[in-house]
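Participant: Test case, fold it:
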Amino acid sequence: MWQAMTFLDRGFVRLAGRMEITGTIPPEFRDGPSLIAANHIGMFDPFVLTAALREGGVNPRFMLTGGLLDAPVVGWGLKQGGSIRVDRGKSNVIEAFDRATTALGSASGPVLVYPEGRVSREPGLWPERGKTGVARMALAAKVPVMTISQWGAHEAVHWGTERVEHWRDLAPGARSWLRAVRDRPVFKVHFGPIVDLSDLTSGKPGDAMRAHERIMRAITDQLAPLRADEPNLPHFHDPTRPTDSTSPWRPTPPDSQ
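Facilitator: Got it, this is the predicted structure:
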């Protein structure tokens, strides 16, 4: 079922725009437990990343909040695909972390994660600071981390609203998606390098933050060339997306150094 869903996803993405994929996924990275860390730029980018990974020979799994896995139909399909559940904000957060780390260590293929934890609310859509959870899981489970940088998927569907309580709440997303079908934006996805975390360990103080910084800087370094003509604000303006955050990873313009 999950393979069928990812096959349909590829057609869905191609309907909304054009894909440009660069970089490669190492063959040895496709089977054993591993993490793929990506920047989060919009509501449509999970569909784009799923299609890109399938093109690269990977049927992706996700690390998701429980709410998504409990959703009808889609949640069932995600479970069938081996997605890992993470319950945020629970009182038993240590136990939840241990369960997710154990599941990651026994996964039969790469697991896609967003270190930022949400769609970026930085005005220029550069990666937010994020949290160290992904880095801590990688070190605890002793799995390699590869990065993905992406640009363009934010043009397909507006951010919309924080909560969907009425069909009208879906209207901004539906209108923007129909506009994307008409305008055919380019979805750029770059498979980046495996991040070297070999000198870091799970139990050493500060190593989780060091691992997190390396992951986020690798994502940002590969993102900059994808949006070379949009170094500051995106050309596409989404009036529904909050812009109340900052990015510590944003590249410094050469003329201000």
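Participant: Touching the longest strand seen in the chain from outside, list them.
Facilitator: When the chain is parsed with DSSP state E, its longest strand is strand 186-195. Residues from elsewhere that reach strand 186-195 (Cβ atoms under 8 Å, 6 or more residues apart in numbering): 13, 17-26, 29, 37, 48-49, 52, 56, 144-153, 156, 211, 214-215, 218-219, 221-223, 225-226. For glycine as for every other residue, the C-beta is placed from the backbone atoms N, C-alpha and C.
Participant: Quick one: residues contacting the closest residue to Asp238 other than its chain neighbours.
Facilitator: Leaving out its chain neighbours, the residue that sits closest to Asp238 by Cβ to Cβ, 6 or more residues apart in numbering is His158, at 5.1 Å. Applying Cβ under 8 Å, 6+ apart, we find His158 in contact with Met43, Pro172, Gly173, Arg175, Ser176, Asp238, Pro239, Thr240, Arg241.
Participant: thinking again about what came up before, only whichever of the contacts of strand 186-195 are buried, select them in ChimeraX.
Facilitator: Only the buried members of these enter the following ChimeraX selection, criterion being 16 or more other Cβ atoms under 10 Å:
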select :13,17,19,21,23,25,29,37,48,49,52,56,144,145,146,147,148,149,150,151,152,153,156,211,214,215,218,219,222,223,226
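Participant: Let's see which of the contacts of strand 186-195 end up in strands.
Facilitator: In this view, the contacts of strand 186-195 that belong to strands under DSSP E are 18-23, 37, 145-151.
Participant: Quick check: phi and psi at the residue nearest to Asp238.
Facilitator: When read as degrees, to the nearest 10, the backbone of His158 gives phi -60, psi 160.
Participant: same thing with Val113?
Facilitator: The phi/psi pair for Val113 (degrees, to the nearest 10) is phi -140, psi 160.
Participant: what kind of secondary structure is the closest residue to it other than its chain neighbours in?
Facilitator: With Cβ to Cβ, 6+ apart as the criterion, Val113 has its nearest non-adjacent residue at 4.6 Å, and that residue is Met63. Under DSSP: H, G, I helix; E, B strand; the rest coil, the three-state class of Met63 is strand.
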